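> Sharing a model that was predicted from the sequence below.
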Amino acid sequence: MLRQALLAVSKSERAERVISTSRLTADVVRRYVADDVGAVIGELTRKGLLVTVDHLGEEVTEQAQAEAAVAEYLRLLGLLPAGADVSVKLTALGLRLSEGLALDHAAAICRAAAARDVTVTLDAEEHDTISGLHSVHTALRGDHPDVGVVVQAYLPEALERCESLAGARVRLCKGAYTAPGAYTRPADIDRSFVRCLRILMAGTAYPMVATHDPRMVRIASTLAVLEGRDVTGYEHQMLYGVRPDEQLRLAGQGARMRVYVPYGSDWYAYLMRRLAERPRNLAFFLRSLLSRR
């Protein structure tokens with residue numbers, strides 16, 4: 001019920017006005033959304049962490065907005081070191097307007113990224129965009145075989161998706177949206193996550209294990225050993241501002257640890273979905289509010 005409530009709040013314009021205009025909230029948001037993205041990238045890189053950077057914004061309604069999003073990603077690439085990644089939401093590139101438009105825009109970002117030795121990962125969004133997401137991903141892989149894609153374990157078709165993505169870079173997460181027929185019980189989502197992990201680790205995909213759940217982190221590391229993958233054969237991913245000590249611990253052990261760094265003024269829906277994805281994150285957020293008084 002809390003998850004559903006938080007997802008509903010993420011779509012409420014009234015709640016967004018109240019929360020986003022609070023001076024106290026804005027101060028806390030800086031812990032989870034990069035204010036100076038260049039400085040944050042530099043700090044994380046110096047600590048031995050990898051990064052994937054997301055310019056916040058989605059669901060554009062005009063082609064000019066989509067073109068502005070592409071321009072921002074091209075600017076962002078100039079800040080990134082080799083080996084970095086950018087996370088792109090196709091609705092920000094115009095998917096709601098035209099799949100072809102989103103494909104063209106994503107291809108432009110992929111070409112520019114390749115020139116800087118940076119990869120691109122296509123983010124998953126609402127359930128009605130998943131078909132378009134995988135269609136665009138398949139089309140891009142012809143010219144850009146290293147383009148990644150996100151699979152959400154809360155969707156019943158997640159296992160089949162993982163089986164179909166041989167050789168691809170696949171970010172596996174639990175999921176932060178709602179969908180008809182989707183798993184809602186945490187135990188069911190966890191079981192799906194582990195089933196997907198088994199497929200990815202045993203196959204030819206490059207698994208990007210996006211979770212803060214200590215149990216899932218341990219399972220991923222164990223499966224990697226059992227399947228004979230070394231530290232270059234998969235990576236962990238966690239959100240900026242969440243479990244930073246664990247991020248450093250994993251990196252210190254030699255694991256590839258990539259931090260998902262969001263930036264931009266359109267942070268409200270992102271933050272609410274992160275709370276809904278794992279409601280216990282709400283406790284982190286509330287403690288942050290209290291500690292900043």
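Okay, I see it.
> the strands in the stretch 151-293 of the chain, which residues?
169-173, 206-210, 235-239, 257-263 (DSSP state E, counting those that start in this stretch).
> and of those strands, who's closest to V60?
Among the strands of the stretch 151-293 of the chain, the nearest to V60 by C-beta to C-beta is strand 257-263 (16.9 Å). Any C-beta I mention is one placed from the backbone N, CA and C, and that applies to glycine too.
> How about residues contacting that closest one?
With C-beta atoms under 8 Å, 6 or more residues apart in numbering as the contact definition, strand 257-263 has outside contacts at 32-35, 37, 40-41, 44, 48-56, 85, 87, 208, 210, 235-240, 247-248, 250-251, 270.
> From these, which land in helices?
37, 40-41, 44, 247-248, 250-251, 270 (DSSP state H).
> How much space separates A166 from G228?
17 Å (C-beta to C-beta, to the nearest Å).
> Comparing those two, which residue is more hemmed in?
Using other C-beta atoms under 10 Å as the criterion, A166 and G228 rank with A166 on top: 12 against 9.
> quick one, domains of the chain?
1-33+267-293, 48-266 (automatic domain parsing).
> Go through the ones you listed and pick out the most buried.
Most buried of the domains of the chain by mean neighbour count (mean count of other C-beta atoms under 10 Å) is domain 48-266; its value is a mean of 18.
> Quick check: end-to-end length of that domain?
End-to-end span of domain 48-266 (C-alpha to C-alpha, to the nearest Å): 28 Å.
> can you put the strands of the stretch 151-293 of the chain in TSV and add mean pLDDT and distance to V217?
As requested, the strands of the stretch 151-293 of the chain are exported to TSV (pLDDT from 0 to 100; distance: least, C-beta to C-beta, whole Å):
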stretch	mean pLDDT	distance to V217
strand 169-173	98	12
strand 206-210	98	7
strand 235-239	97	6
strand 257-263	97	10
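> Now I41. Nearest residue, chain neighbours left out?
V51 (5.5 Å; C-beta to C-beta, 6 or more residues apart in numbering).
> And the host helix or strand of L122, what does it pack against?
Assigned by DSSP states H and E, L122 belongs to strand 119-123. Under the contact criterion of 3 or more C-beta pairs under 8 Å, 6 or more residues apart in numbering; DSSP states H and E, strand 119-123 touches strand 85-89, helix 99-115, helix 130-141, strand 148-152, strand 169-173.
> Of the ones you listed, which is nearest A124?
strand 148-152 (3.9 Å).
> Quickly note the distance from V118 to P244.
23 Å.
> Give me the residues contacting stretch 215-222.
190, 193-194, 197, 201, 207, 209, 211, 234, 236, 246, 250, 255.
> returning to what we had before: now render the strands of the stretch 151-293 of the chain as a markdown table, adding distance to G100.
Below are these laid out as a markdown table (distance: least, C-beta to C-beta, whole Å):
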| stretch | distance to G100 |
| --- | --- |
| strand 169-173 | 23 |
| strand 206-210 | 27 |
| strand 235-239 | 30 |
| strand 257-263 | 27 |
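> Among those, which comes closest to E157?
Taking the strands of the stretch 151-293 of the chain one by one with C-beta to C-beta, strand 169-173 is closest: 13.4 Å.
> Report the angle between the closest one and strand 206-210.
20 degrees (axes from the mean of the first three to the mean of the last three C-alpha atoms, to 10 degrees).
> Compute the inter-axis angle for strand 169-173 and helix 130-141.
Using the same axes, to 10 degrees, strand 169-173 lies at 160 degrees relative to helix 130-141.
> now for strand 169-173, which elements pack on it?
strand 119-123, strand 148-152, helix 186-202, strand 206-210.
> Sheet-wise, list the partners of that strand with their directions.
strand 148-152 (parallel), strand 206-210 (parallel) (DSSP bridges).
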